[in-house]
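Q: Have a look; sequence and predicted model below, questions after that.
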Amino acid sequence: MATYKELGFVNTREMFANAMKGRYAVPAYNFNNMEQIQAIVVACVETQSPVILQVSSGARKYANQTLLEYMGKGAVEMMKAYAKEKGLKPIPMALHLDHGDTFELAKSCIESGFSSVMIDGSHHPFEKNIELTRQVVELAHKRDVTVEGELGVLAGIEDEVSAEHSTYTDPNDVVKFVGETGVDSLAISIGTSHGANKFKPEQCTRNAEGILIPPPLRFDILKEIEQKIPGFPIVLHGSSSVPQEAVKIINENGGALKDSIGIPEEQLRRAAQSAVCKVNIDSDGRLWMTAAVRKIFKEKPAEFDPRKYLGPARDALIAMYKHKNENVLGSAGKA
């Protein structure tokens with residue numbers, strides 16, 4: 001039973017304190033396989049960005065929890081070796097459970113080397129959410145593992161997380177929730193959404209090119225929450241931008257993504273300069289990886305070597321992660 005310190009990870013406490021002071025957000029990138037984790041390490045070392053490696057419950061089942069432990073350790077060792085090769089300094093890396101929904105799952109992750117866990121009790125009544133979250137916090141803090149809680153519900157579908165309707169976080173609830181649970185960070189709902197189809201067409205307007213423009217994030221709610229719990233780390237889930245270039249490549253090469261739209265990057269840049277110090281990005285990686293693979297399959301239908309299509313997919317991921325660190329989240333150079 002390895003601890004996260006033995007694996008070479010850090011928890012998010014110092015990461016978030018630095019992000020709050022520097023007015024940037026730490027990227028939290030989800031991964032399921034080797035190419036994704038390679039891309040995250042390369043991009044974040046080259047941009048000298050701290051990073052949170054995120055694993056959902058579904059990804060943990062897909063990758064196998066035992067293998068995942070060694071993938072995590074391998075990611076840290078790769079980071080150290082790659083940084084040395086490039087003449088750069090090592091970067092802080094956390095391993096985080098994304099959307100853990102039970103105490104048992106959080107406990108299992110804490111005991112297998114995760115340095116941070118999310119317990120998502122937002123689907124429970126408020127008092128039950130507090131009870132479940134506090135239970136996880138009490139266990140996690142004994143091992144110096146940080147905990148993220150959630151208030152409010154994000155609509156959409158991503159991995160095993162789904163909700164038909166969103167519920168904005170009520171700023172009047174945050175003081176009691178944070179005080180009674182002891183969480184280290186709080187995920188809130190201000191208009192972000194899971195998946196590649198974050199909004200229905202009727203919720204949006206269309207620009208001259210016919211591209212959907214989503215409603216703006218509720219920065220008024222974010223501001224009120226900041227005033228209620230000043231200096232407390234805030235997290236945004238469902239924050240992929242759903243790049244239209246990737247959607248176009250997918251659809252031009254046999255895909256059928258309709259009305260896929262995400263959170264405009266300028267709104268994420270604005271959020272990253274506030275108390276938001278962690279931004280979750282998953283769907284953008286899936287889209288760029290799928291775009292690269294579909295393009296290869298159409299252009300080279302006889303190709304059957306996985307390295308010949310997963311390699312370009314990895315390159316597309318590296319470019320996307322570097323862009324997010326440098327131009328959206330402001331985390332480049334903050335390692």
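A: Perfect, thanks for sending it. Numbers count the residues shown, from 1 in each chain.
Q: what about the top helix by length along the chain, average pLDDT?
A: In terms of residue count, the longest helix belonging to the chain (DSSP state H) is helix 65-86. Mean pLDDT, computed over helix 65-86, is 93.
Q: any idea which helix or strand comes after it?
A: Remark: after helix 65-86, the chain's next helix or strand is strand 93-100, criterion DSSP states H and E.
Q: who does that next one pair up with?
A: Strand pairing for strand 93-100, determined by DSSP bridges: strand 51-56 (parallel), strand 116-119 (parallel).
Q: Would you pull up how far the last one lies from the middle of the chain?
A: In terms of C-alpha atoms, centre = their mean, to the nearest Å, the gap separating the centre of strand 116-119 from the centre of its chain is 12 Å.
Q: circling back: just name the most buried of the strands paired with strand 93-100.
A: The highest average neighbour count among the strands paired with strand 93-100, using mean count of other C-beta atoms under 10 Å, belongs to strand 116-119 at a mean of 28. (C-beta placed from N, C-alpha, C; glycine too.)
Q: mind showing which ranges of the stretch 201-335 of the chain have poor pLDDT?
A: Low-confidence regions of the stretch 201-335 of the chain, defined by pLDDT under 70, span residues 201.
Q: quick one, strands of it?
A: 205-206, 212-213, 234-236, 276-281 (DSSP state E, counting those that start in this stretch).
Q: among the strands paired with strand 93-100, which is nearest Gln273?
A: strand 51-56 (18.7 Å; C-beta to C-beta).
Q: Would you mind stating the distance between Tyr62 and Met71?
A: Distance, Tyr62 to Met71, by C-beta to C-beta, to the nearest Å: 12 Å.
Q: Comparing the two, which residue is more hemmed in?
A: Neighbour tally, Tyr62 and Met71, criterion other C-beta atoms under 10 Å: the higher count belongs to Met71, 19 against 14.
Q: What residues are recorded as beta-bridge partners of the residue nearest to the spatial centre of the chain?
A: By C-alpha atoms, centre = their mean, the chain has its centre lying nearest to Asn280, at 2.3 Å. Beta bridges link Asn280 to Ala28, judged by DSSP bridges.
Q: give the contact list for it.
A: Asn280 is in contact with Ala28, Asn30, Gln54, Asp98, Val235, Leu236, His237, Gly238, Ser239, counting by C-beta atoms under 8 Å, 6 or more residues apart in numbering.
Q: Hmm, Arg206 is touching Pro214, no?
A: No. Using C-beta atoms under 8 Å, Arg206 is not in contact with Pro214; the gap is 11.0 Å.
Q: which of the two has more neighbours?
A: Neighbours were counted for Arg206 and for Pro214 using other C-beta under 10 Å; Pro214 has more, 20 against 11.
Q: I'd like to know how far the closest residue to His123 other than its chain neighbours sits from Phe219.
A: Using C-beta to C-beta, 6 or more residues apart in numbering and skipping residues adjacent in sequence, the residue nearest His123 is Val153, 7.0 Å away. Distance of Val153 to Phe219, given as C-beta to C-beta: 19 Å.
Q: How about Asn251?
A: 32 Å.
Q: bridging residues for Thr167?
A: Under the criterion used (DSSP bridges), Thr167 bridges to Val153.
Q: related to what we said a few turns ago, dump the strands of the stretch 201-335 of the chain to TSV, plus distance to Ser185.
A: Putting those into TSV (distance: least, C-beta to C-beta, whole Å) gives the following:
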stretch	distance to Ser185
strand 205-206	33
strand 212-213	30
strand 234-236	5
strand 276-281	7
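Q: show me where this structure has helices.
A: For the chain, the helices defined by DSSP H cover 4-7, 13-22, 34-46, 57-63, 65-86, 103-111, 126-142, 171-181, 219-228, 244-252, 265-272, 283-299, 306-323.
Q: tell me the most buried of these?
A: Using mean count of other C-beta under 10 Å, helix 34-46 ranks as the most buried of the helices of the chain, with a mean of 23.
Q: Spit out the contact partners of the closest residue to Asp144 other than its chain neighbours.
A: Nearest non-adjacent residue to Asp144, counting by C-beta to C-beta, 6+ apart: Asn11, 6.2 Å away. Asn11 is in contact with Tyr4, Ala94, Ser115, Ser116, Asp144, Val145, Thr146, Asp184, counting by C-beta under 8 Å, 6+ apart.
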